[in-house]
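**Student:** next come a sequence and a model predicted from it.
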Amino acid sequence: MTMPPRPVPCLLATLLCAALASAARAQQDVRLPDLGSSANALISPSEAQDYGASMLRQMRALDMVVDDPLLDDYINDLGYRLVASSDKPKEHFAFFIVKDPEINAFAAPGGYIAVNSGLLTITRDESELAGVIAHEIGHITQNHLQRAFEDSKKDAPLMALVLLGAIAAGASSHSGDAPMAVLAGGQGLIAQKSINFTRKDEIEADRVGIQTLSKAGFDPNAMAGFFQRMQDAMSAGAGGEDVPALLQTHPVTTSRISDAKARADALIAAQKLRVGISGIDRQQWARSTAPIPFVKDPATLLAAHRTGDLDTYTLMRERARVLAGDATRLATYYASSLQTRHDFHTPANHYGYALALTRSGRGAQALGQLQPLLDNHPGNLLLRLAVADARLQAGQRPAALAIYSELNTQSPRNRAVALAYAHALTAGGDRDQARLAAGMLRPLLDNASEPEIYSTYARASDKAGDSVRAGEAYADASYYSGRPYDAMEQLKRLLKRDDLDYYARVRIQARITELTPLVLELHKRKIRTADSPGDDSRQ
């Protein structure tokens with residue numbers, strides 16, 4: 001396997017993120033380097049990308065990210081469709097989902113945009129979700145993060161945490177999780193400072209976001225409508241409900257919402273004049289004129305699997321609900337709602353129920369929810385994959401493998417299919433099946449940054465008898481999970497083996513050379529990560 005190029009992350013970014021991880025795990029003071037007084041001198045575009053990537057790795061170390069290839073493909077497909085219609089379609093962007101029930105989203109340096117699972121699950125349609133993402137894209141394209149760094153130079157460490165997404169991503173004062181409780185301590189101060197210096201930026205992000213939303217074929221009123229709905233919910237619960245995080249980090253006013261609606265209506269009117277239509281439902285018109293989505297890899301375009309009334313957005317909304325929550329509790333929620341609410345009987349809710357059943361160890365019962373859906377939509381990849389997962393969990397391994405194999409033949413580079421198939425082949429198969437799994441995953445490692453791809457490949461390689469490849473992949477899985485010390489130690493142990501051939505030795509030495517400056521600087525500054533030497537919390 002040829003290892004993809006992996007430049008060592010910007011040390012500034014890594015040190016900031018590492019300090020955040022240390023505070024979360026050890027409840028110690030965050031040690032942050034001086035960010036300087038000039039935003040332009042502080043961070044270049046390439047450094048910004050390293051910054052965002054480092055943030056994402058540290059969030060993974062804190063188990064704050066929903067790592068699921070189907071959801072990842074969906075949110076990136078949606079995000080890049082919007083980016084293609086933005087002012088800067090060629091800039092780097094990456095989208096991911098945060099495991100947090102708070103209704104919020106945030107943008108970070110390097111074009112990294114996070115959507116909380118709580119935001120995704122509360123949206124009513126794809127235009128609402130796209131509206132919030134378009135707003136965050138506006139923050140990036142209008143250079144608001146660079147301005148924030150410059151304007152907040154007196155409070156640099158505090159604002160560094162904001163830009164890392166520490167508060168927005170996982171801080172909930174109601175959480176019993178100690179790391180999240182530590183991050184929650186500064187939530188009020190963070191929100192207030194954000195309000196003080198970003199109000200103008202918020203309005204500008206609205207303006208460019210609505211333009212992007214409209215150009216991408218979504219309802220341009222969706223952004224203002226969603227903010228209005230959140231504000232109405234807050235007003236209705238006044239005196240007992242907390243202010244949604246979205247309104248804390250994205251403060252709205254009646255005039256701001258009105259301005260956004262007026263801008264959206266003006267765009268709709270102008271577009272109707274251009275195409276010569278009138279008297280048509282706004283959302284119906286938006287759908288009928290939507291452009292072909294822009295995606296990084298057309299082979300993984302989930303929209304291609306839409307059939308009839310089975311909408312990928314609604315399936316993904318329920319998938320995010322289940323994967324970010326407690327499967328057993330959610331299975332009870334779905335079952336109760338299906339019994340008591342007639343309007344709850346939608347394909348998406350039956351799909352969500354099936355996922356919750358499978359993830360809570362009731363695959364056979366999940367098949368009862370999935371089979372009627374599959375009968376009506378036999379070509380839907382999401383349903384077929386869910387059926388295969390349920391059959392595997394229910395002990396029907398040959399039937400599951402047959403489905404996985406067929407799906408892999410149809411979509412040979414689909415990460416979700418390949419990972420599920422490889423897991424099934426490795427977990428219950430022999431050496432030949434493990435070798436098949438490793439060969440199937442190897443092409444996916446090029447430019448991959450998801451830990452699960454490396455760990456699944458490592459297990460398959462190990463069982464196939466290639467312990468060297470397995471060791472390299474386990475080290476990469478540790479690195480992308482925010483554990484650089486563990487990665488370095490694993491690579492050093494590998495290098496001591498007597499059975500390494502020339503090519504393996506060169507690969508391992510090159511990777512050690514890449515990681516050495518990073519771990520030395522972490523040690524020099526006494527900044528602790530989740531896997532720092534001597535940390536009792538190491539696992």
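**Tutor:** Looks like it arrived, so ask away. Numbering: from 1, shown residues only.

**Student:** residue ranges with poor pLDDT in the stretch 201-350 of the chain?
**Tutor:** 234-258, 260, 269, 271-309 (pLDDT under 70).

**Student:** quick one, helices of it?
**Tutor:** 222-236, 245-249, 254-275, 282-288, 312-323, 327-340, 347-359 (DSSP state H, counting those that start in this stretch).

**Student:** do the stretch 401-539 of the chain as well
**Tutor:** Counting by DSSP H, counting those that start in this stretch, the helices of the stretch 401-539 of the chain are 415-428, 431-441, 451-464, 467-480, 484-495, 502-524.

**Student:** try the stretch 51-200 of the chain
**Tutor:** 69-83, 117-122, 126-141, 144-151, 156-164, 166-170, 178-184, 187-215.

**Student:** sorry, back to before: would you single out the least confident of the helices of the stretch 401-539 of the chain?
**Tutor:** Out of the helices of the stretch 401-539 of the chain, helix 502-524 stands lowest, with a mean of 90 (criterion: mean pLDDT).

**Student:** so which elements touch that helix?
**Tutor:** On a contact count with 3 or more Cβ pairs under 8 Å, 6 or more residues apart in numbering; DSSP states H and E, helix 502-524 meets helix 11-26, helix 467-480, helix 484-495. Using the backbone N, CA and C atoms, a C-beta is placed for each residue, glycine as well.

**Student:** mind listing what's buried along it?
**Tutor:** 504, 507-508, 511-512, 514-515, 518-519, 521-522 (16 or more other Cβ atoms under 10 Å).

**Student:** kindly report the same for stretch 118-131.
**Tutor:** So for stretch 118-131, counting by 16+ other Cβ under 10 Å, buried means 118-123, 125-131.

**Student:** same check on stretch 364-373?
**Tutor:** 365-367, 369-370, 373.

**Student:** if we can go back for a sec, just put the buried residues of stretch 118-131 in JSON lines and tack on distance to residue 323 and pLDDT.
**Tutor:** Formatted as JSON lines, the buried residues of stretch 118-131 follow (distance: Cβ to Cβ, whole Å; pLDDT from 0 to 100):
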{"residue": "118", "distance to residue 323": "13", "pLDDT": "93"}
{"residue": "119", "distance to residue 323": "15", "pLDDT": "93"}
{"residue": "120", "distance to residue 323": "11", "pLDDT": "95"}
{"residue": "121", "distance to residue 323": "11", "pLDDT": "95"}
{"residue": "122", "distance to residue 323": "16", "pLDDT": "93"}
{"residue": "123", "distance to residue 323": "16", "pLDDT": "94"}
{"residue": "125", "distance to residue 323": "21", "pLDDT": "94"}
{"residue": "126", "distance to residue 323": "19", "pLDDT": "96"}
{"residue": "127", "distance to residue 323": "23", "pLDDT": "94"}
{"residue": "128", "distance to residue 323": "20", "pLDDT": "94"}
{"residue": "129", "distance to residue 323": "16", "pLDDT": "96"}
{"residue": "130", "distance to residue 323": "21", "pLDDT": "96"}
{"residue": "131", "distance to residue 323": "23", "pLDDT": "94"}
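
**Student:** which two in the residues you listed are spaced the farthest apart?
**Tutor:** Farthest apart among the buried residues of stretch 118-131 by Cβ to Cβ are 118 and 127. That separation is 18.3 Å.

**Student:** coming back round to it: need the buried residues of stretch 118-131 in TSV with distance to residue 347, can you?
**Tutor:** Listed next are the buried residues of stretch 118-131 as TSV, based on distance: Cβ to Cβ, whole Å:
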residue	distance to residue 347
118	22
119	22
120	18
121	16
122	19
123	17
125	15
126	15
127	19
128	19
129	18
130	21
131	24
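
**Student:** what's the closest of these to residue 330?
**Tutor:** Of the buried residues of stretch 118-131, the one sitting nearest to residue 330 (Cβ to Cβ) turns out to be residue 121, at 10.7 Å.

**Student:** for residue 332, see how far away that closest one is.
**Tutor:** Distance, residue 121 to residue 332, by Cβ to Cβ, to the nearest Å: 17 Å.

**Student:** domain map for the protein?
**Tutor:** Using automatic domain parsing, the domain parsing of the chain gives 30-169+185-292, 314-524.

**Student:** quick one: which of those is nearest residue 530?
**Tutor:** domain 30-169+185-292 (4.3 Å).

**Student:** sorry, back to before: now the buried residues of helix 502-524 in TSV, with distance to residue 469?
**Tutor:** Below are the buried residues of helix 502-524 laid out as TSV (distance: Cβ to Cβ, whole Å):
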residue	distance to residue 469
504	8
507	10
508	11
511	13
512	16
514	18
515	18
518	23
519	23
521	29
522	27
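
**Student:** between the residues you listed, which is nearest residue 407?
**Tutor:** Where the buried residues of helix 502-524 are concerned, and distances follow Cβ to Cβ, residue 407 has its nearest neighbour in residue 507, at 31.7 Å.

**Student:** so that closest one sits right up against residue 473, yeah?
**Tutor:** No: using Cβ atoms under 8 Å, residue 507 makes no contact with residue 473, being 11.3 Å away.

**Student:** list residues touching both of the two?
**Tutor:** Counting by Cβ atoms under 8 Å, 6 or more residues apart in numbering, residue 507 and residue 473 have no contacts in common.

**Student:** hang on, residue 322 packs against residue 358?
**Tutor:** No: with contact defined as Cβ under 8 Å, residue 322 does not count as touching residue 358 (9.1 Å).
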